[in-house]
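Undergrad: Predicted model, plus sequence, below.
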Amino acid sequence: MLEQLATASTYGFGASFGRDLYKAAKKNPIVWAIIGILLIAFGWRNFYLGQGRGDAYKFFVTFLGSTILITIGTGGWLFVGVALTKDFGNVALITSLIVIILSYIAGNIWGIKDRKKRQQAAEAIAHNATFMRDMGLSDSDFDADLLQDAEGNLLKLIEQSDDKFVFSVSGKRGYRAAIKLEQGRMVDYTGIVKL
């Protein structure tokens, strides 16, 4: 029941957020300009982030979704540029084109950086899975929150930091095990040691 209530309380959030954004943008055209820039940049960023996904995801989310975002953002800025040419001449159109180009560049730079981070994270995850398998660690059949070592000892995570994971050993008071980390990669397993 609690889970259902917690879930139900979030149902209207998306609609109310969109309504509030529209009201704010209606009063202030600068919000529309920022939204256009973000749509373009976010669309270009997403073109770089489809690796490791299925073909349907790549087509619908990476390609089609990104194309729609870029088209809406670019179209909005071109519309503003053309609409303001009556008042400001070609300066408005040139300004719109410059903003579009800068948004394209920013989105591409953002996407390249994020792709590199995701690739490094995927490599670290693959390395860590191999490391744990080589050390004889596996998921426990008994409890989803526990690991099991090669001798059948159950390990429970009690401390996590940037440089290590520390586990208590179920049923053995005063014993610990730790995995040493370097830049997100598992590099050493202590085994079970008495404190």
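TA: Structure's in. What do you need? Numbering: from 1, shown residues only.

Undergrad: For this protein, which segments count as helices?
TA: With DSSP state H as the definition, the chain shows helices at residue ranges 2-8, 13-27, 29-46, 55-57, 66-83, 85-88, 90-134.

Undergrad: Minimum distance to Val187: which of those helices has it?
TA: Shortest separation from Val187 across the helices of the chain is recorded for helix 90-134, at 7.8 Å, computed as C-beta to C-beta. (Glycine included, C-beta is placed from N, CA and C.)

Undergrad: Let me know the angle separating the closest one from helix 29-46.
TA: Relative orientation of helix 90-134 with respect to helix 29-46: 40 degrees, computed using axes from the mean of the first three to the mean of the last three C-alpha atoms, to 10 degrees.

Undergrad: mind showing which ranges of this structure have poor pLDDT?
TA: Applying pLDDT under 70 to the chain flags the ranges 1-27, 51-52.

Undergrad: Isn't Glu182 up against Lys164?
TA: No: using C-beta atoms under 8 Å, Glu182 is not in contact with Lys164, being 10.0 Å away.

Undergrad: The two: who's more crowded?
TA: Comparing Glu182 with Lys164 by neighbour count (other C-beta atoms under 10 Å), the higher total belongs to Lys164, at 14 against 10.

Undergrad: Distance of the residue nearest to Ile68 when sequence neighbours are not counted relative to Thr74?
TA: Leaving aside its sequence neighbours, Ile68 sits nearest to Gly43 (C-beta to C-beta, 6 or more residues apart in numbering; 7.6 Å). To Thr74, Gly43 is 9 Å away according to C-beta to C-beta, to the nearest Å.

Undergrad: rewinding a little: for the residue nearest to Ile68, what are its contacts?
TA: Residues in contact with Gly43, defined by C-beta atoms under 8 Å, 6 or more residues apart in numbering, are 65-70, 73, 107.

Undergrad: What of Ser66?
TA: Shown here is Ser66, whose contacts under the criterion C-beta under 8 Å, 6+ apart are 43-44, 46-47.

Undergrad: 7 Å instead?
TA: Going by C-beta atoms under 7 Å, 6 or more residues apart in numbering, Ser66 touches 43, 46-47.

Undergrad: Please apply the same query to Arg45.
TA: Taking C-beta under 7 Å, 6+ apart as the criterion, Arg45 is in contact with 107, 110-111, 114.
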